[in-house]
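Engineer: return atomic coordinates for the entry below.
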Amino acid sequence: MDLFLIETMVDLREAMEALHAVRDVSSCPVIVCLTFERKPRGFFTLFGDTPQKVVDSLLSAGADGLGANCTLGSDEMIELVHIFRPLTEAPLLFQPNAGQPVIGEGPPTYRQQPAEFAEDLKVLAQAGANAVGGCCGTTPEFIRQAHDRLFPVPLFLQ
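Structural biologist: I've put the predicted structure just below:
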């Protein structure tokens, strides 16, 4: 096994419990991603934890990397990585949604297009994210276009 990824945690306490559970059985690297909302006063987990508290708590408990996934679109994740990067040198993973879901008849839909999403992931990486990906609303096309923007030269030629 290469690593454990704990993601979509809405509360720091549940993230800490998951991290402790992994640490009880493995010494493999662990990356923990929480879900944040943008409020008028800044970014908070759904249970009110600040990015600073998340970074301090998870790193002191033994997380090897951290970040955010779900809830936010790629434009908001860019703002969030600018908050996280000055707080730590640890690896950061950010996996935004393809925008906010539109709820109507049938399953939710997402309005962001793959090219815009891919460009935002490139900006996320330039802003300090060590790894990026997609969450709700993304499809293989989103990831293909992100790959093409992040790695414009075929890997075998690098």
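
Engineer: who's in contact with the longest strand anywhere in the chain?
Structural biologist: Using DSSP state E, we find that the single longest strand of the chain is strand 65-73. For strand 65-73, the surrounding residues in contact (C-beta atoms under 8 Å, 6 or more residues apart in numbering) are 7-8, 29-38, 46, 54-55, 58-59, 77, 80, 84, 88, 90-100, 112, 129-131, 133, 135-136. All C-beta atoms are positioned from the backbone trio N, CA, C, and that covers glycine.

Engineer: so which of those sit within strands?
Structural biologist: 7-8, 30-34, 36-38, 92-97, 131.

Engineer: ok, of these, which come out buried?
Structural biologist: Among the ones in strands among the contacts of strand 65-73, those buried by neighbour count (16 or more other C-beta atoms under 10 Å) are 7-8, 30-34, 36, 92-97.

Engineer: so residue 66 bridges to which residues?
Structural biologist: Note on residue 66: beta-bridge partners by DSSP bridges are residue 32, residue 92.

Engineer: now it: how far from residue 35?
Structural biologist: Between residue 66 and residue 35 the computed distance is 12 Å (C-beta to C-beta, to the nearest Å).

Engineer: between those two, which has more neighbouring residues?
Structural biologist: Taking neighbours as other C-beta atoms under 10 Å, residue 66 and residue 35 compare with residue 66 leading, 26 against 19.

Engineer: list the residues that contact residue 6.
Structural biologist: Residue 6 touches 15, 18, 19, 22, 30, 31, 32, 33, counting by C-beta under 8 Å, 6+ apart.

Engineer: wait, isn't residue 3 in contact with residue 32?
Structural biologist: No - using C-beta atoms under 8 Å, residue 3 makes no contact with residue 32, being 11.0 Å away.

Engineer: low-scoring pLDDT stretches of this structure, where are they?
Structural biologist: Screening the chain residue by residue with the criterion pLDDT under 70, one finds the ranges 1, 153-158.
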